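> below are the sequence and a predicted model; questions follow.
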Amino acid sequence: MLLAGVLLVTLAAPGDAQRLPKGTELTYTGTVTEAVDRPGQRYRRTHDLEVRVLVVDRRPGWADAAVLTLLRRTDEAPDSHRLPSPPAVRLEMVRLPDDGPAHRLSPAGPLPPVPLDAFAPAEVGMFPAPGAWTPAGWGFVAAERCQELRFTDQSAGWDRPRPGETAWRRADAVWVSAGDGVARRVERTVAQRDGAGKPPAVLIETRYELRDQARLLGRTFDRYRREVELAHAGAAEAGQLLAAGRVAPKQIDTRLARLAEYLDETDPGTPYREAVLAVRRQWEAARRGEVGPTGTSPPAAPTGRASAPRP
């Protein structure tokens, strides 16, 4: 799992007031690499990462934004008879105070994880959200003068490995523009060690940079916001109903029909369409009986270079 939300670092830089106007869209691109070295389970997987932040509302002292995170596998074996796998999608609404870090809305809290293969869901809670950041000098990213901020944390047993104990270490770095307070580059490394072995059993490296900063106006902004609102509301409803386990097939068919009508009648040109398609895939999985009591689909067997089932 990609812990604590891949964009939390980007929006949490301390001391740099975020006064992004309504309609601002930040687009980040990069990679996420998972390396697992455990007995019977050894693989290395690479994902293309895209993160978009769209400011949907601005009020005195704060702004609300949609955060879309997309992960696309880049190491799957080519297959002319199979369409590319859809990306892993996470769409969240966050509040950006002008004088503090971002937090998630409904419910309040840190950004949730985006699914990867390296960690079982039960293990994600061991990694805390970033705390105090340490200034680490100044530098330039894409000709923009930036302050480097770092955060490091680790479990009590990281420096003293013991048989049978799991230990972890996390290191974050963010380069924040001196001009507008927006993160230009983010790097994160998470390592997990199993027992007394010194090499990490799991290593996740995340790297991404700001690719584009735009201002959406008029009908373009309205289309983007409508897609965000539909996808966010649809995902919330699906998660609640499927977790409760009280959805009749007719209810699923009704929701799929509504989504099909929307997709047929609207322009597919916004980058947030992937979040709408993810909601449809969730209902389709429920219709096939592939969704468990938590509202999530069971993991599929890995493809590409993986040599063992996913945890």
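Sure, I can see it.
> tell me where the protein has helices.
218-244, 249-265, 273-287 (DSSP state H).
> tell me the most buried of the ones you listed?
Of all the helices of the chain, helix 273-287 carries the top mean neighbour count, a mean of 20, counting by mean count of other CB atoms under 10 Å. Using the backbone N, CA and C atoms, a C-beta is placed for each residue, glycine as well.
> out of the helices of the chain, flag the one nearest L20.
Evaluated over the helices of the chain, closeness to L20 peaks at helix 218-244, with 13.4 Å, by CB to CB.
> helices or strands next to that closest one in the packing?
Under the contact definition 3 or more CB pairs under 8 Å, 6 or more residues apart in numbering; DSSP states H and E, helix 218-244 sits against strand 41-59, strand 62-73, strand 88-97, helix 249-265, helix 273-287.
> rerun that using 6 Å as the cut-off
strand 88-97, helix 273-287 (3 or more CB pairs under 6 Å, 6 or more residues apart in numbering; DSSP states H and E).
> now the first one: buried residues?
Within strand 88-97, the residues scored as buried using 16 or more other CB atoms under 10 Å are A88, V89, R90, L91, E92, M93, V94, R95, L96.
> and for stretch 137-155?
Buried residues in stretch 137-155, counted by 16+ other CB under 10 Å: V141, E144, C146, Q147, E148, L149, F151, D153, S155.
> start and end of that stretch, how far apart?
End-to-end span of stretch 137-155 (CA to CA, to the nearest Å): 26 Å.
> which stretch in the helices and strands packed on helix 218-244 has the least confidence?
Mean pLDDT is lowest for strand 88-97 among the helices and strands packed on helix 218-244, at a mean of 85.
> if you count contacts, what does that strand end up packed against?
Using 3+ CB pairs under 6 Å, 6+ apart, the elements in contact with strand 88-97 are strand 62-73, strand 103-104, helix 218-244, helix 273-287.
> where does the helix or strand of the chain with the lowest mean pLDDT sit relative to the chain's centre, distance-wise?
Of all helical and strand segments in the chain, the minimum by mean pLDDT, DSSP states H and E falls on strand 103-104, at a mean of 76. Distance of strand 103-104 from the chain centroid (CA atoms, centre = their mean, to the nearest Å) equals 13 Å.
> try stretch 229-241
Taking CA atoms, centre = their mean, one finds the center of stretch 229-241 at 17 Å from the center of the full chain.
> what mean pLDDT does that stretch have?
For stretch 229-241, the per-residue pLDDT averages 87.
> L203 is in contact with T33, correct?
No - using CB atoms under 6 Å, T33 makes no contact with L203, being 8.0 Å away.
> where does pLDDT dip in the chain?
In the predicted model of the chain, residues 1-18, 76-83, 100-101, 106-131, 291-311 satisfy pLDDT under 70.
> quick one, domains of it?
Using automatic domain parsing, the domain parsing of the chain gives 24-215, 218-287.
> okay, the helices of the chain in a markdown table with distance to G40 next?
Formatted as a markdown table, these follow (distance: least, CB to CB, whole Å):
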| stretch | distance to G40 |
| --- | --- |
| helix 218-244 | 32 |
| helix 249-265 | 38 |
| helix 273-287 | 28 |
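> distance to T27 added to the helices and strands packed on helix 218-244, as JSON lines?
Below are the helices and strands packed on helix 218-244 laid out as JSON lines (distance: least, CB to CB, whole Å):
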{"stretch": "strand 88-97", "distance to T27": "15"}
{"stretch": "helix 273-287", "distance to T27": "13"}
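> so for E50, which of the ones you listed sits nearest?
Distance to E50, taken as CB to CB, is lowest for helix 273-287 among these, at 9.2 Å.
> any idea of the angle the closest one forms with strand 62-73?
70 degrees (axes from the mean of the first three to the mean of the last three CA atoms, to 10 degrees).
> just checking, what packs against helix 273-287?
Packing contacts for helix 273-287, counted by 3+ CB pairs under 6 Å, 6+ apart, involve strand 88-97, helix 218-244, helix 249-265.
> quick check: which of the ones you listed is nearest to P135?
Nearest of the helices and strands packed on helix 273-287 to P135, taken as CB to CB: strand 88-97 at 20.8 Å.
> how far off centre is the closest one?
8 Å.
> also stretch 187-202?
Centroid separation for stretch 187-202 versus its chain: 21 Å, with CA atoms, centre = their mean.
> repeat that for stretch 58-65.
22 Å.
> what's the closest of the helices and strands packed on strand 88-97 to W168?
strand 62-73 (21.0 Å).
> just checking: what are the partner strands of the closest one?
Using DSSP bridges, the strands paired with strand 62-73 are strand 41-59 (antiparallel), strand 88-97 (antiparallel).
> dump these to CSV, plus distance to I252.
Below are the strands paired with strand 62-73 laid out as CSV (distance: least, CB to CB, whole Å):
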stretch, distance to I252
strand 41-59, 29
strand 88-97, 19
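> closest one to V174 among these?
strand 41-59 (13.1 Å).
> quick one: the closest one to helix 218-244, angle?
Inter-element angle recorded for strand 41-59 and helix 218-244: 130 degrees (by the same axes, to 10 degrees).
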